[in-house]
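>>> dropping the sequence and predicted coords here.
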Amino acid sequence: MPKPLPTTVRTHFTALRVLLVLTVILGIAYPLLVTGISQVAFSEKANGSIVKSDGKEVGSSLLGQNYNLPKKNPDDAKEEAQPDPKWFQPRPSANNYAGDNSGASNLGPNSDDLLKAVNDRRAAVAEFDGVDPASVPADALTASGSSLDPHISVAYAKEQVNRVAKARNLSADTLNQLVGTYTEGRSLGFLGQEGVNVVLLNRALAEQK
Amino acid sequence: MGSTLAGWLQALALVGALALCYRPLGDYIAKLLTTTKHLRVERGIYKVIGVDGDADQRWPVYLRSVLAFSAVSVLFLYGLIRLQGYLLLNLGVPQMEGHQAWNTAISFVANTNWQSYAGESAMGHLAQMAGLAVQNFVSAAVGIAVVAALIRGFTRNRTDRVGNFWVDLVRINLRLLLPISIVFALVLAASGVIQNFHGFHEVATLSGEVQKIPGGPVASQEVIKLLGTNGGGFFNANSAHPFENPTGFSNLVEIFLLLVIPFALPRTFGRMVGDNRQGYAIVAVMGLFWIASTALITFAESQHQGTALQAAGAAMEGKEQRFGIAASGLFAASTTLTSTGAVNSFHDSYTPFGGGLTVFNMMLGEIAPGGTGSGLYGMLVLAIVAVFVAGLMVGRTPEYLGKKLGGREMKFASLYILTTPTIVLVGTGVAMALPGERAGMLNSGAHGFSEVLYAFTSAANNNGSAFGGITVNTDWYDTALGLAMIFGRLLPIVFVLALSGSLAQQQPVPATPGTLPTHKPLFVGLLSGVILIVVGLTYFPALALGPIAEGLSS
């Protein structure tokens, strides 16, 4: 008869068996169950709240995007992207709104790099929108945590109305109404902060004929 | 509605929800930790794993089981991450380096979820759900199991048995964590958190660019990331990512999830020791620190101190528009006081004092309310220290809940409170002495030092959040922080279980008029004072060099 295994070794075998059993329950069965129910009950949200325009998928209502002019030279990686005046512009992004690379700038409150970025953005945004630099709101000057923030403040949206109206030959009233339509208030009236969903607002612009 | 009023209302709603859960959830956990009845499925599991569900263990056996389970978990997870390329649903992610896989495996087993990798580019779906998310469940359960053993040390007399680890582990997962997770995963999915098995999905945007939309079983993992106070994001941006945390509502649900078990466990404690007032005293101390910290961080952020933030006009760098200052501050305080480490905004860009407070929260030792289980055992060790200090003042042998606190007990309590500061301060000191490691900082000056201090504080206290600018995916940081996490997790567990064994052996002493009542406001004040003094004296010099220096000079 073989000698019984030492206790320490047996404990590790027990541990391995528990881990495997729990992996099957918690790591396979549980996510499959939640996926199954979500795909039936809230399939649109479970699949990423995809937004379509003219029948084509153009993004997700939860993920912000760039609205830039086409590059003059597409092969020049150094060419800086220029914002397109025809669209409402989102917040600055530390990662250029890449869907596969979320994350923040992580620049500190006294960072010289951040200070310069904020000052440069203030000047550029004020010129682009034709407003007083002092009136540009903070969300237009700072990158979000995810770098995929789909929202801007109502103040920043209103600031852009005249510029977009001019570029598209639309009346400012029409655009102000659209901004109102896509302003999302606090959840349940008191959770979080109000914001304008830029992806949905711009999709609505695209569909204005 | 003004944002200040909305901010107060959401904090109030949170406190209300937590208060409603305190009794039923605490009582439920107490019942599942004390009942002798097994569910049929549990009996089946005990048969498969070859464990007698009715046999209790001595404390060294309980400890050996915890350690064996942790060791096997680290190896299993390491293997799973390294072999991802051969598994289903790997999304073609590149092979992870050995040092980073080791760091990640330890991080998730130690309930830390420090991430030196970025989720969307380094992890396939199977590694996330069958590797990382499983550890999110079981490492949380280990914490609760250990505190259960400690409480049994108080409730049991003249025995060497402190419970059965395998039974505690299985029950906590199946009866507590899994049911809550299923319900809230669906709540989150209903509010926009994704739950699918897709890879990246390319769309052409309105301006003609291509954007990659990520997929994944996120809702199921998001819930346990918070409920188990783990904090490891499916995506690099963690709970700031709109697919992890899409609305103000989901944000409050997530904060609720990360607080609900740690705040209910004092009830479990009171219930098990047969005096609910003991639980109220402990939860009062936890609540005081949590409320004070939330208010201070939110205030600091609303002042947006710092040259760059002053120029911007608000502390919105690293914060999401849909959350704003109040919902970000509430999350930051809660996540750093609970050892969760999930973030909905990036602490590196917080104001000097706001960011400094997030470091200070972790330095408190993750006890207010702390991680699942680990928060309560940390707080009970400090309660023991507080009772001891009070005993010294009047010159008598102190006792807590009828158990004498003699030399042996105080030795374990002292070792417990010395462990983490030693790891944090030695680790930070060594990193600062090495030029290559200093270069890992993104920001310069005092703020750069804070990044290093934050990293070691977060790792050793098993929080897992970061001043994320620092570059930590190097051989040195992956190794050093891995060691900080595993020792910061397991050494305190060794001391807590030893303490539990030592308490369980005692014959209880009857309370006398000279016994310090540990359920009155006096004790709440005493315990709070001990916490502040122990932490303050230990960490003040380090804080003075980092956040305080930066805050006073800007």
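Looks like it arrived, so ask away.
>>> show me which residues of the stretch 251-400 of chain B sit near chain A.
B:251-252, B:304-309, B:311-324, B:326-327, B:343-346, B:348-352, B:355 (C-beta under 8 Å from any C-beta of the partner chain). (C-beta placed from N, C-alpha, C; glycine too.)
>>> just the ones of those in helices?
Within these, residues falling in helices by DSSP state H are B:251, B:252, B:307, B:308, B:309, B:311, B:312, B:324, B:326, B:327, B:352, B:355.
>>> and these as JSON lines, adding pLDDT?
What follows is those, written out as JSON lines (pLDDT from 0 to 100):
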{"residue": "B:251", "pLDDT": "98"}
{"residue": "B:252", "pLDDT": "98"}
{"residue": "B:307", "pLDDT": "97"}
{"residue": "B:308", "pLDDT": "97"}
{"residue": "B:309", "pLDDT": "97"}
{"residue": "B:311", "pLDDT": "97"}
{"residue": "B:312", "pLDDT": "97"}
{"residue": "B:324", "pLDDT": "97"}
{"residue": "B:326", "pLDDT": "96"}
{"residue": "B:327", "pLDDT": "97"}
{"residue": "B:352", "pLDDT": "97"}
{"residue": "B:355", "pLDDT": "97"}
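>>> could you identify the most distant pair in these?
Using C-beta to C-beta, the two most remote members of these are B:252 and B:307, lying 32.6 Å apart.
>>> pick out whichever of those two has more residues nearby.
A direct count of neighbours by other C-beta atoms under 10 Å in any protein chain shown for residue B:252 and residue B:307 places residue B:252 higher, at 23 against 16.
>>> can you pull the pLDDT of the nearest residue to that one once chain neighbours are set aside?
Spatially, and ignoring its direct neighbours in sequence, residue B:252 is nearest to residue A:191 (5.1 Å; C-beta to C-beta, 6 or more residues apart in numbering or on different chains). pLDDT recorded at residue A:191 is 96.
>>> what's around residue A:191, how many residues?
Neighbours around residue A:191, by other C-beta under 10 Å: 24.
>>> now it: how far from residue B:256?
From residue A:191 across to residue B:256, the span is 11 Å (C-beta to C-beta, to the nearest Å).
>>> quick check: the gap between the residue in the stretch 251-400 of chain B that chain A sits nearest to and residue B:446.
Using C-beta to the nearest C-beta, residue B:306 is the residue of the stretch 251-400 of chain B that sits closest to chain A, at 2.6 Å. According to C-beta to C-beta, residue B:306 stands 12 Å off from residue B:446.
>>> which one's more surrounded, the two?
residue B:306 (28 against 21).
>>> just the pLDDT for the spatially closest residue to the more buried one that is not a sequence neighbour.
Leaving aside its sequence neighbours, residue B:306 sits nearest to residue A:109 (C-beta to C-beta, 6+ apart; 2.6 Å). For residue A:109, the model assigns a pLDDT of 97.
>>> again, but for the one 5 residues further on
Confidence at residue A:114, expressed as pLDDT, is 97.
>>> same question, residue A:71
Reported pLDDT for residue A:71: 84.
>>> show me where the stretch 1-150 of chain B has its strands.
B:57-58 (DSSP state E, counting those that start in this stretch).
>>> for chain A, that is, sorry about that
Assignment of strands within chain A using DSSP state E yields the ranges A:50-53, A:56-60, A:151-152, A:183-184, A:195-197.
>>> average pLDDT across the second one?
This points to strand A:56-60. Averaged across strand A:56-60, pLDDT comes to 97.
>>> tell me if that strand is near chain B.
Yes. Shown here: strand A:56-60 in contact with chain B (C-beta under 8 Å from any C-beta) through A:56, A:57, A:58, A:59, A:60.
>>> swap in the first one?
Yes. Strand A:50-53 is in contact with chain B by C-beta under 8 Å from any C-beta, via A:50, A:53.
>>> the closest residue to residue B:5 other than its chain neighbours - how many residues pack around it?
Counting by C-beta to C-beta, 6+ apart, residue A:190 is the residue found nearest to residue B:5 once chain neighbours are left out, at 7.9 Å. Close neighbours of residue A:190, defined as other C-beta under 10 Å, add up to 20.
>>> what of residue B:531?
Neighbour number of residue B:531 under other C-beta under 10 Å is 24.
>>> residues contacting it?
By C-beta atoms under 8 Å, 6 or more residues apart in numbering or on different chains, the contact list for residue B:531 reads B:285, B:289, B:364, B:365, B:367, B:368, B:382.
>>> could you do residue B:416 as well?
The neighbourhood of residue B:416, defined by C-beta under 8 Å, 6+ apart, consists of B:378, B:381, B:492, B:495, B:496, B:499.
>>> grab the nearest non-local neighbour of the third one.
Taking C-beta to C-beta, 6+ apart, and ignoring the residues beside it in sequence, residue B:492 has residue B:416 as its nearest neighbour in space, at 5.3 Å.
>>> which of the helices or strands spans the one you found?
helix B:407-433 (DSSP states H and E).
>>> quick check, central residue of chain B?
residue B:339 (2.1 Å; C-alpha atoms, centre = their mean).
>>> show me the two of the contacts of residue B:416 that sit farthest apart.
The distance between the two most remote of those (C-beta to C-beta) is 12.0 Å, for B:378 and B:499.
>>> where does chain B get nearest to chain A, residue-wise?
Closest point on chain B to chain A, by C-beta to the nearest C-beta, is residue B:248, at 2.1 Å.
>>> how about the contacts made by that residue?
By C-beta under 8 Å, 6+ apart, the residues touching residue B:248 are A:186, A:187, A:188, A:191, A:192, A:193, B:10, B:322, B:323, B:327.
>>> the first one contacts residue B:1, doesn't it?
Yes. With contact defined as C-beta atoms under 8 Å, residue A:186 counts as touching residue B:1 (7.4 Å).
>>> so these two - more neighbours on which side?
When residue A:186 and residue B:1 are compared for neighbours, residue A:186 comes out ahead with 22 against 11, by other C-beta under 10 Å.
>>> lowest mean pLDDT among the helices and strands, pick that one out for chain B.
Taking mean pLDDT, DSSP states H and E as the measure, the helix or strand of chain B with the lowest value is helix B:435-438, at a mean of 88.
>>> can you give me the angle the helix or strand that it is followed by makes with helix B:407-433?
Downstream of helix B:435-438, the next assigned helix or strand under DSSP H and E is helix B:445-460. Using axes from the mean of the first three to the mean of the last three C-alpha atoms, to 10 degrees, the inter-axis angle of helix B:445-460 relative to helix B:407-433 is 140 degrees.
>>> the very next helix or strand once past helix B:445-460 to helix B:407-433, inter-axis angle?
Beyond helix B:445-460 in the direction of the C-terminus, DSSP H and E gives the next helix or strand as helix B:475-504. Using the same axes, to 10 degrees, the inter-axis angle of helix B:475-504 relative to helix B:407-433 is 170 degrees.
>>> quick one: helix B:475-504 to chain centroid distance?
Computed by C-alpha atoms, centre = their mean, to the nearest Å, the chain-centroid distance of helix B:475-504 equals 14 Å.
>>> buried stuff in that helix?
Under the neighbour-count criterion of 16 or more other C-beta atoms under 10 Å in any protein chain shown, helix B:475-504 has B:477-478, B:480-504 buried.
>>> hmm, back to that, do you know how far the residue of the stretch 251-400 of chain B closest to chain A is from residue B:397?
Relative to residue B:397, and taking C-beta to C-beta, residue B:306 is found at 51 Å.
>>> would you mind measuring from residue A:94 to chain B?
9 Å (C-beta to the nearest C-beta, to the nearest Å).
>>> and that residue, what does it touch?
The contact partners of residue A:94, by C-beta under 8 Å, 6+ apart, come to A:103, A:104, A:105, A:143, A:147.
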